[in-house]
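Participant: Structure for the following, please:
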Amino acid sequence: MGTINLDLPSVEIREIRINSVSTYSGDAETLIKKSHEGSLKDANRKFMQCSGCSMQKAACMTVLIQDAAVIEHGPVGCSSCLHMFDFSYRSDAHLRNVSEPTQRKIYSTNISEKDTVYGGSRKLEKTIREVYEKTHPSVIFVLSTCATAIVGDDIESVCIEAEDELGIPVVSITCEGFRSRVWTSGFDSAYHGIARKLIDKPETDEKNNKINVINFWGSDRFTEWFKPFGYEPNFIVPFSKVQTLRKSSESALTVQACSTLGSYLGAVLEQEFGVPELETAPPYGIKQTDRWFRAIGKALHQEEKAEEVIAEKKAKYLPEIESLREKFKGKTAFVTGGAAHGQALTAVLGELGIKVVGTSIFHHDPLFDSKRVGNDQLDHSVNDYGNIGNYRVCCKQEYEIVNLLHRLHPDLFISRHPGMTLWGAKFGIPCIQIDDEHFCMGYEGLADYGHRLLEVLENDEFVNTIHKHASNPYKKWWFEQSPDLFIDGFEKDKDGGRRIG
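Facilitator: This is a model prediction of the structure:
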């Protein structure tokens with residue numbers, strides 16, 4: 001594969017590397033078809049309310065390494081997202097049983113107007129030395145921002161010189177916000193830097209009893225799942241230390257909690273370090289969980305053990321799941337979230353018998369870096385539970401989501417990210433947002449998530465009260481328009497205006 005080159009300081013953005021798009025309106029089956037045949041095209045919006053930032057995603061991955069220091073090279077305001085992940089580290093460490101979470105080491109070069117004229121490289125050099133003297137980290141990451149990218153600071157050269165001087169890895173991460181319209185390119189930037197400077201080539205062909213788990217910061221489902229096979233999880237990267245990252249090349253296998261998150265690193269670990277990537281999507285929904293455990297068994301040459309685990313889990317949880325399905329009969333839902341996890345939620349809902357009437361997924365990867373169709377979460381979900389008629393790829397344009405909620409008025413509004421559920425509440429729609437992406441994984445996750453959804457449906461007094469008293473900033477005019485109105489190439493037709501990417 002020609003897209004992986006660890007000798008280069010930066011990774012190709014997703015639009016170029018795997019043809020990712022941030023705009024689509026149509027049905028899920030057509031999106032899958034266009035993705036697999038290579039005919040999917042992105043479109044421009046004539047109006048945008050906001051956009052995601054790649055630096056924020058790079059920060060998400062680097063700040064959560066326990067013995068790392070992270071420097072945001074740019075205006076101090078850009079560092080606010082780094083401190084957000086400091087909160088995530090502290091609040092979620094208990095989910096991973098981290099007994100002594102370390103203090104986050106987050107800094108900014110705080111460039112000024114003068115620096116944007118004369119350059120900020122000298123200030124960066126000084127900041128790296130000060131951070132090292134104050135914290136003595138095992139690694140220092142330097143994240144680029146829009147301002148320093150426009151100025152043209154040679155961050156890579158500064159990091160190389162500092163690395164020679166200090167004797168620790170100093171890693172430049174090319175992740176300025178305007179570099180890519182697909183915000184998840186920031187994950188790839190962080191993982192590219194980690195793979196370049198922190199992961200060691202394996203010393204032997206012998207593999208240890210670890211399985212790499214590329215994930216965010218959710219609860220630990222994996223220790224219990226891997227134990228019957230005689231393996232343990234090596235979580236990448238929340239709560240990792242540099243030494244464990246160095247040894248990740250010696251693991252027997254790599255799995256992912258989110259194919260969007262781990263697409264690039266999974267491919268790098270397989271192609272550059274010889275760690276095979278699991279040949280199927282993560283375990284959301286019974287059918288996909290069956291496939292996932294069987295793929296684990298095949299990869300570890302323990303097929304019989306996989307069947308034992310599946311049979312044991314199903315005997316324990318299927319009666320409970322079936323009972324939940326009865327209670328959800330006739331219910332509908334709208335889902336918004338990042339690509340792979342948003343797609344995973346459609347599978348979870350389908351398994352619980354809840355019809356997904358619409359989605360607003362932040363971007364779409366036609367094919368992951370592994371080039372395996374088996375990793376396609378959406379393809380599995382549609383094959384298992386049916387087509388989704390209102391499948392929308394929408395990069396956080398809330399005005400489009402509000403329009404769809406007004407049109408579809410589902411029984412449930414499910415969001416992966418904070419701040420979105422208020423729109424459901426304004427319409428009196430029960431809504432839920434769960435940060436823990438592992439919560440609905442596997443057979444037990446289906447049962448846990450089903451009970452949470454049932455609680456939300458049965459306790460709707462709060463959202464009904466909000467609906468009665470809250471004002472909506474959008475005028476009646478907007479609700480009479482197609483949500484595609486501001487997409488280039490949109491033409492209103494008898495169906496109300498649909499465009500296909």
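
Participant: gap between residue 29 and residue 387?
Facilitator: 5 Å (C-beta to C-beta, to the nearest Å). Backbone N, C-alpha and C define where each C-beta goes, glycine included.

Participant: Of these two, which one has the most company?
Facilitator: Using other C-beta atoms under 10 Å as the criterion, residue 29 and residue 387 rank with residue 29 on top: 17 against 14.

Participant: name the helices or strands packed onto the helix or strand containing that one?
Facilitator: Secondary-structure assignment from DSSP states H and E places residue 29 in helix 28-37. When contacts are defined as 3 or more C-beta pairs under 8 Å, 6 or more residues apart in numbering; DSSP states H and E, helix 28-37 packs onto helix 377-385, strand 391-394.

Participant: what residues does it touch?
Facilitator: 24, 40, 359, 364, 366-367, 373, 376, 378-379, 381-382, 387-388, 391, 393, 500-501 (C-beta atoms under 8 Å, 6 or more residues apart in numbering).

Participant: now the helices and strands packed on helix 28-37 in a markdown table, with mean neighbour count, mean pLDDT and distance to residue 321?
Facilitator: Below are the helices and strands packed on helix 28-37 laid out as a markdown table (neighbours: other C-beta atoms under 10 Å; pLDDT from 0 to 100; distance: least, C-beta to C-beta, whole Å):
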| stretch | mean neighbour count | mean pLDDT | distance to residue 321 |
| --- | --- | --- | --- |
| helix 377-385 | 22 | 94 | 14 |
| strand 391-394 | 24 | 93 | 25 |
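
Participant: After the helix or strand bottoming out on mean pLDDT in the chain, which helix or strand is next?
Facilitator: Sorting the helices and strands of the chain by mean pLDDT, DSSP states H and E puts helix 80-92 at the bottom, at a mean of 67. Moving toward the C-terminus from helix 80-92, the next helix or strand (DSSP H and E) is strand 105-108.

Participant: Output the contacting helices and strands for whichever helix or strand comes after that next one.
Facilitator: Beyond strand 105-108 in the direction of the C-terminus, DSSP H and E gives the next helix or strand as helix 113-118. If contacts are counted by 3+ C-beta pairs under 8 Å, 6+ apart, helix 113-118 sits against helix 146-151.

Participant: for the following helix or strand past the helix it packs on, packing partners?
Facilitator: Following helix 146-151 in sequence order, the next helix or strand is helix 155-166 (DSSP H and E). Helix 155-166 makes packing contacts with helix 121-135, strand 139-144, strand 170-173 when contacts are defined by 3+ C-beta pairs under 8 Å, 6+ apart.

Participant: now these as JSON lines including distance to residue 289?
Facilitator: Output for the helices and strands packed on helix 155-166, formatted as JSON lines (distance: least, C-beta to C-beta, whole Å):
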{"stretch": "helix 121-135", "distance to residue 289": "42"}
{"stretch": "strand 139-144", "distance to residue 289": "35"}
{"stretch": "strand 170-173", "distance to residue 289": "34"}
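
Participant: Using TSV, please lay out those together with mean pLDDT, mean neighbour count and distance to residue 229.
Facilitator: Supplementary listing: the helices and strands packed on helix 155-166 in TSV, determined by pLDDT from 0 to 100; neighbours: other C-beta atoms under 10 Å; distance: least, C-beta to C-beta, whole Å:
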stretch	mean pLDDT	mean neighbour count	distance to residue 229
helix 121-135	97	17	39
strand 139-144	98	28	31
strand 170-173	98	27	33
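
Participant: phi, psi of residue 451?
Facilitator: Dihedral pair for residue 451: phi -70, psi -40, per degrees, to the nearest 10.

Participant: What about it, how many residues nearby?
Facilitator: Neighbour tally, residue 451, other C-beta under 10 Å: 13.

Participant: Name all residues that make contact with it.
Facilitator: Counting by C-beta under 8 Å, 6+ apart, residue 451 touches residue 324.

Participant: Look at it and report its pLDDT.
Facilitator: With respect to pLDDT, residue 451 has a value of 97.

Participant: now do residue 367
Facilitator: Taking residue 367 on its own, its pLDDT is 89.

Participant: Surely residue 366 is in contact with residue 20?
Facilitator: Yes. Residue 366 is within contact range of residue 20, at 7.0 Å (criterion: C-beta atoms under 8 Å).

Participant: the more surrounded of the two?
Facilitator: Neighbour tally, residue 366 and residue 20, criterion other C-beta under 10 Å: the higher count belongs to residue 20, 26 against 19.

Participant: next one: phi and psi at that one?
Facilitator: phi -70, psi 150.

Participant: residues touching the spatially closest residue to it that is not a sequence neighbour, list them.
Facilitator: Once flanking residues are discounted, residue 20 sits nearest to residue 14: 3.8 Å by C-beta to C-beta, 6 or more residues apart in numbering. By C-beta under 8 Å, 6+ apart, the contact set of residue 14 is 20, 180, 182, 184, 185, 188, 363, 365.

Participant: and if you look at residue 313?
Facilitator: Contacts of residue 313 by C-beta under 8 Å, 6+ apart are 289, 442, 443, 444.

Participant: separation between it and residue 320?
Facilitator: 11 Å.

Participant: same question, residue 194
Facilitator: Counting by C-beta to C-beta, the separation of residue 194 from residue 320 is 39 Å.

Participant: between the two, who's got more neighbours?
Facilitator: More neighbours surround residue 194 than the other of residue 194 and residue 320, with 27 against 15 (other C-beta under 10 Å).

Participant: How about the secondary structure of the more buried one?
Facilitator: With DSSP: H, G, I helix; E, B strand; the rest coil as the basis, the three-state label of residue 194 is helix.

Participant: My guess is it contacts residue 237. True?
Facilitator: Yes. Between residue 194 and residue 237 a contact is recorded at 7.0 Å, counting by C-beta under 8 Å.

Participant: which stretches of the stretch 301-450 of the chain form strands?
Facilitator: For the stretch 301-450 of the chain, the strands defined by DSSP state E, counting those that start in this stretch occupy 332-337, 355-361, 391-394, 412-415, 431-433.

Participant: where do the contact lists of residue 194 and residue 237 overlap?
Facilitator: Jointly contacting residue 194 and residue 237 under the rule C-beta under 8 Å, 6+ apart are 61, 62, 245.
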